[in-house]
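In: Turn this into a model:
(one chain, ligands or ions: 1)
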Amino acid sequence: MADEKFDAIVVGAGPAGTSAALTMAKAGLSVVLLERGEYPGAKNVQGAVMYTKMLDELVPAFWKDPQAALERPITEQKIWVLSKDSMFQVGFKSERWLAEPHNCYTVIRAAFDRWYAKKAEEAGAQLFTGVTVREGLRKDGKVVGVKTSDGDELYADVVVAADGVNSLLGQQLGLLDEWTADEVALGVKEVLELPREKIEDRFNLEKGEGTTIEIFGENTRGLLGYSFLYTNKDTLSFGVGAKLSHFQKTGIRPPDLLEYAKSHPMIRRLLKGSKSLEYSAHLIPEGGYNSMPKLFTDGFLIAGDAAQMVNASHREGSNLAMTAGRLAGETVIEAKTKGDFSAKTLSAYQEKLRKSFVIPDLFDHKDLETMVEKHMDLVAEGPELMAQSLYDYFNVDGRPKRDTQKSILQRLLKNSAVKELVRSELTLKNEFSLVKMALKMRVLLWKLTHGK
Ligand SMILES: Cc1cc2nc3c(=O)[nH]c(=O)nc-3n(C[C@H](O)[C@H](O)[C@H](O)COP(=O)(O)OP(=O)(O)OC[C@H]3O[C@@H](n4cnc5c(N)ncnc54)[C@H](O)[C@@H]3O)c2cc1C
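Out: Sure thing, here's the model as predicted:
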């Protein structure tokens, strides 16, 4: 491998890197994919929900491949909000999600990444595992290759950094700084063994079906974050993630938070009798659009977690990584045709991301976390308040319904956190947008009712 020259070097065989390598290898480029793990996925952590559309674009009809490392197709998705002793939920289950191609699947990354990297190899990419890239090599200001921790130097027209959240390559080449504790979350996850019939019974699933539950409220002990519970074939994935700065401020230890979340009565009963097989922890880039680095320079592109491409509020990261990896690959293919690997040519990558869902989604969610953080009182008190309101609403206690409803409303309006939310968010600008929206709706309704 020493001192060789390739069309492209891809660093990191996760969803972003393998997608880039696969795209370029399919087009006949000479591609080397470098992975520091003993095998792809050896240490990678994810919930993990993988989305069909983005993978299908790279491995058409992958679900028909008996080797594809898929656990369960997801036929139901739920969001729970927990108070100390209660839970309320919204969810969606659909027969439509029973048909292939399913919307998404649960996977175990150690198996999935291995299978996926094999697809890149079958397309012609050369995969080297157990290789850690230590630095990028520059010549006349351009990135021309990488140096590994063994001292090997590899050269290429383009280097794609897909080395995940702690992108040492991105840092070393000066595109980004180490993320602050406000720009990342820390996720801890356990894989718990449970017989498949028990999983199906407990989660009300038909044979082979899967479900996901995103869990907010009490179980994060007031930290900004959430838990997740996903069904695999004969294991469950349970985890909790919260902003790193919140862990630091409160001194709560991640493993303690995981145990706390597991002990909630609504969760405990679903995990009962399961055996812990694996524990892992990983950072999640959650700075989003506001933290994204420059995505290209001469001879260099950066994709996936390395570039903060995670839409945390929708639990999406792998699909952004795959799409970014594919678009990085397509950009290099075009650059190869032109014979020009300058920043100007590679800037097409950013334009492609803008035209895809990646940059628009990151842009649209850029202020969400700041907004939620402004209202941490409501995050802390909201679940109890809602649980009490719903308890009163459903509990038949002999009071006239109008009295119950009045007291629920009074309790909500008297709460200082609710008042603060209304006061700060109902600004003149927001009210104006609401009025504008209401007027538009009225015009639309009028047109519909008058057959226009
Ligand atoms: C707890 C948790 C739950 C999550 N759940 C979901 C979910 O359900 N759905 C979802 O879509 N997303 C989820 N995510 C986010 C998702 O995991 C990431 O967005 C996704 O893995 C990003 O892919 P990537 O290829 O950019 O980075 P990674 O998957 O991190 O891959 C980077 C690769 O680079 C390798 N590498 C790093 N440095 C070097 C180096 N110097 N030299 C060589 N190789 C190197 C690593 O070993 C790794 O294989 C979750 C994340 C966490 C932590």
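In: got the residues of the stretch 151-300 of the chain near the ligand?
Out: Residues of the stretch 151-300 of the chain lying close to the ligand by CB under 6 Å from any ligand atom are Ala162, Asp163, Gly164, Leu168, Gly187, Lys189, Gly239, Gly241, His282, Ile284. Bear in mind the C-beta positions are built from the backbone N, C-alpha and C, glycine included.
In: Quick one: residues contacting the fourth one.
Out: It stands for Leu168. Residues in contact with Leu168 (CB atoms under 8 Å, 6 or more residues apart in numbering) are Val133, Arg134.
In: Can you read off the pLDDT for it?
Out: On pLDDT, Leu168 comes in at 95.
In: Check Gly37 too.
Out: Per the predicted model, pLDDT is 97 at Gly37.
In: How about Lys43?
Out: So Lys43 comes in at 88 (pLDDT).
In: before we move on, what about the one 3 residues further on?
Out: For Gln46, the model assigns a pLDDT of 89.
In: Isn't it up against Arg109?
Out: Yes: between Gln46 and Arg109 there is a contact under CB atoms under 8 Å: 5.0 Å.
In: coming back round to it: neighbour-wise, give me the winner out of the residues of the stretch 151-300 of the chain next to the ligand.
Out: Ala162 (32 neighbours; other CB atoms under 10 Å).
In: in terms of contact, does that one touch Ala306 like I think?
Out: Yes: judged on CB under 8 Å, Ala162 makes contact with Ala306 at a distance of 6.1 Å.
In: so what sits against both of the two?
Out: Joint contacts of Ala162 and Ala306 (CB under 8 Å, 6+ apart) are Gly12, Ala16.
In: quick one, what contacts Val310?
Out: Ile284, Pro285, Glu286, Gly288, Glu316, Gly317, Leu320.
In: So which of the residues of the stretch 151-300 of the chain next to the ligand are in helices?
Out: Leu168 (DSSP state H).
In: And the residues of the stretch 151-300 of the chain next to the ligand, which two are furthest apart?
Out: Leu168 and Gly239 (25.0 Å; CB to CB).
In: What about the residues of the stretch 151-300 of the chain next to the ligand, which are in strands?
Out: Residues of these located in strands (DSSP state E): Gly187, Lys189, Gly239, Gly241, His282, Ile284.
In: so who does the second one touch?
Out: Contacts of Lys189 were listed using CB under 8 Å, 6+ apart, and they are Val45, Gly47, Ser237, Phe238, Gly239, Leu258, Tyr279, Ser280, Ala281, His282.
In: where's it relative to Arg114, distance?
Out: 19 Å (CB to CB, to the nearest Å).
In: Kindly report the same for the last one.
Out: Between Ile284 and Arg114 the distance is 22 Å, computed by CB to CB.
In: can you give me the helices in the stretch 251-400 of the chain?
Out: 254-262, 265-271, 318-338, 343-346, 348-355, 358-364, 368-374, 376-394 (DSSP state H, counting those that start in this stretch).
In: Make TSV from those helices and add mean pLDDT to it.
Out: Shown next, in TSV, are the helices of the stretch 251-400 of the chain (pLDDT from 0 to 100):
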stretch	mean pLDDT
helix 254-262	97
helix 265-271	97
helix 318-338	98
helix 343-346	98
helix 348-355	98
helix 358-364	96
helix 368-374	87
helix 376-394	91
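In: Is the ligand within reach of stretch 68-79?
Out: No: using CB under 6 Å from any ligand atom, stretch 68-79 stays clear of the ligand, coming no nearer than 10.3 Å.
In: For that stretch, could you pull out the residues that count as buried?
Out: Neighbour counts over stretch 68-79 (16 or more other CB atoms under 10 Å) mark Ala68, Ala69, Leu70, Glu71, Arg72, Pro73, Ile74, Thr75, Glu76, Gln77, Lys78 as buried.
In: Can you flag which of those belong to strands?
Out: Ile74, Thr75, Glu76, Gln77, Lys78.
In: now, among the residues you listed, which is nearest to the ligand?
Out: Nearest to the ligand among these, counting by CB to the nearest ligand atom, is Ile74 at 10.3 Å.
In: Which strand residues bridge the closest one?
Out: On the basis of DSSP bridges, Ile74 is bridged to Gly210.
In: Can you pull the poorly scored residue ranges out of the chain?
Out: The model of the chain has pLDDT under 70 over residues 1-4, 425-431, 452.
In: Can you tell me the SS state at Asp182?
Out: coil (DSSP: H, G, I helix; E, B strand; the rest coil).
In: between the ones in strands among the residues of the stretch 151-300 of the chain next to the ligand, which is nearest the ligand?
Out: For those, the nearest to the ligand is Gly187 (2.8 Å; CB to the nearest ligand atom).
In: residues contacting that closest one?
Out: Val45, Gly239, Val240, Gly241, Ala281, His282, Leu283, Ile284.
In: what's the nearest residue to the last one if we skip its chain neighbours?
Out: In space, Ile284 comes closest to Ala185 once its chain neighbours are excluded; the distance is 4.4 Å by CB to CB, 6 or more residues apart in numbering.
In: Now the buried members of the contacts of Val310.
Out: Ile284, Pro285, Glu286, Gly288, Glu316, Gly317, Leu320.
In: List the buried residues in stretch 140-147.
Out: Applying 16+ other CB under 10 Å to stretch 140-147 flags Lys142, Val143, Val144, Gly145, Val146 as buried.
In: Among those, which one lies nearest to Lys447?
Out: For these, the nearest to Lys447 is Val143 (55.4 Å; CB to CB).
In: Would you agree the closest one falls within a helix?
Out: No: Val143: not assigned to a helix; according to three-state DSSP it is strand.
In: Distance-wise, check it relative to the ligand.
Out: Distance of Val143 to the ligand, computed by CB to the nearest ligand atom, to the nearest Å: 15 Å.
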